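> any chance you can model this:
(one chain, ligands or ions: 2)
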Amino acid sequence: MSEGQGLLEVKSLSKRFGGVTAVEDFNAVVRDNHLVGIIGPNGAGKTTILNLLSGVYPCNSGEVVFEGRNVAGLKSYEIGRLGVARTFQNIRLFEDMNVLDNVRTAYSWRARYGLLQAMVGWKGVNIFERAVEEKALHWLDKVGLYKHRHEYTGSLPYGLQRRVELARALAGEPKLLLLDEPAAGLNPAEVRELIEFIQKLFDELGLSIILIEHRMEVVMRLCHWIYVQDFGRTIGQGTPEQIRKDPVVIKAYLGEEFE
Ligand SMILES: Nc1ncnc2c1ncn2[C@@H]1O[C@H](COP(=O)(O)OP(=O)(O)O)[C@@H](O)[C@H]1O
Ligand SMILES: [Mg+2]
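Ligands and ions are numbered 1, 2, ... in the order given. As a prediction, this is how the structure comes out:
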C-alpha cells in the first residue's frame, strides 16, 4: 500500500432508494489504526453508508477500496471474510441462544467451507469445534461477558446484549470494525462505560473503527477524524476540535434541535 492510501478508501459512493438519494458522492479515508466517526441527524444516510461498505446493498456508483481492492459489489459474507465486521443499529442476535453460541455463529462460514475440516473428517470436526469454542470464550472474556456465557442472550440487559454483538463482530478478527450507533438505547452511565470500553478495545487490538453516532459526545470523545452527513451529503469533516467550531455543522445540529 503506497503512502497516503488508507486501509479503506471510499470514492464517490452514491445510493438511491427510488426517489430518495440516501448517500450522495461520499468520499472517505480510514487509515490503519484510526477511529473515524460519521455523525449526522436521523435520515442523513449514515446506516446506508455502513450497509454499502459491508455489502448489504450494492451502490449505484462509486468505489469501496479495502486494502487496495475494490470490494463494491461483493456480497457481505465475502467482505466479512476480507476483514470487515459490523454491528447493527438495532441489535441482531439470536435471543433464544445462549451468549456463547451467539458468538460461535461468527465462525459458521468457516465450519461450512473449511477444506481442512472436510479432509480430516469427524475427529477433525471435534477439534475444530473445540478451537471455535476456545476462540469464542476468548472474545467473551475480552468484552467482559465470560461469566454470562451460558445465559440466554435475550435475558441480558440491553447494554450487555450490545457487547455480545461486539464480541461476535470481533470474533472474526476484523481489520475494520463498523459500529452503527452502539450507544443507541443506553442510559448515560452505560454510554460513558461504552466510550471507555471502545477506547480500550481500540488500544488493545490495533484495528480501525468506523463509528456511526447520532450523539455528538461519543464521537467527539473517541474519534480522530469525523465526517458530518446531512441529507446524504458530507457537510463537514475534520478533527473533533475542528468539527466543534464548524459553523455549518453547528447550524445543521441547531436546526435539528429546533425541529
Ligand atoms: N432499504 C431502504 N429502502 C428505502 N429507503 C431507505 C432504505 N434504507 C434507507 N432508506 C432511506 O435512506 C435515507 C437514509 O437512511 P439511513 O441511512 O437509515 O439514515 P441514518 O442512519 O443516518 O438515520 C432515509 O431517507 C431512509 O428512509
Ligand atoms: Mg441509522
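
> just the buried residues of stretch 203-213, please?
By 16 or more other CB atoms under 10 Å, the buried positions in stretch 203-213 come out as 205, 207, 208, 209, 210, 211, 212, 213. All C-beta atoms are positioned from the backbone trio N, CA, C, and that covers glycine.

> excluding sequence neighbours, find me the nearest residue to the first one.
Using CB to CB, 6 or more residues apart in numbering and skipping the chain neighbours, the partner closest in space to residue 205 is residue 170 (7.4 Å).

> coming back round to it: wait, which of the buried residues of stretch 203-213 is closest to ligand 2?
Each of the buried residues of stretch 203-213 was checked against ligand 2 using CB to the ion; the closest is residue 212, at 6.6 Å.

> how far does the helix or strand hosting the closest one sit from its chain's centre?
Using DSSP states H and E, the element containing residue 212 is strand 208-213. Taking CA atoms, centre = their mean, to the nearest Å, one finds the center of strand 208-213 at 6 Å from the center of the full chain.

> sheet-wise, list the partners of that strand with their directions.
On the basis of DSSP bridges, the sheet neighbours of strand 208-213 come out as strand 35-39 (parallel), strand 176-180 (parallel).

> tally of neighbours for residue 32?
When neighbours are counted by other CB atoms under 10 Å, residue 32 registers 14.

> please renumber the chain so that the first residue is 524 from this point on.
Got it, first residue is 524 now, which makes that one residue 555.

> residues in contact with the closest residue in space to it that isn't next to it in sequence?
Taking CB to CB, 6+ apart as the measure, residue 555 lies nearest to residue 530, with 5.1 Å between them; neighbours along the chain are not counted. Under the criterion of CB atoms under 8 Å, 6 or more residues apart in numbering, the neighbours of residue 530 are 553, 554, 555, 557, 589, 590, 698, 699, 731.

> tally up the residues packed near the residue nearest to the fifth one when sequence neighbours are not counted, please.
Spatial nearest neighbour of residue 589, chain neighbours left out: residue 531 (5.3 Å); criterion: CB to CB, 6+ apart. Residue crowding around residue 531 was assessed by other CB under 10 Å; the count is 24.

> tell me if I'm right that residue 531 and residue 555 touch.
No - under the criterion of CB atoms under 8 Å, residue 531 makes no contact with residue 555, lying 9.7 Å away.

> one step back: closest to ligand 1 among the buried residues of stretch 726-736?
Lowest distance from ligand 1 to the buried residues of stretch 726-736 (CB to the nearest ligand atom) belongs to residue 735, with 6.9 Å.

> picking that back up, what does the pLDDT read for the residue nearest to residue 728?
Looking at residue 693, its pLDDT stands at 92.

> what secondary structure does residue 719 sit in?
Three-state assignment for residue 719 (DSSP: H, G, I helix; E, B strand; the rest coil): helix.
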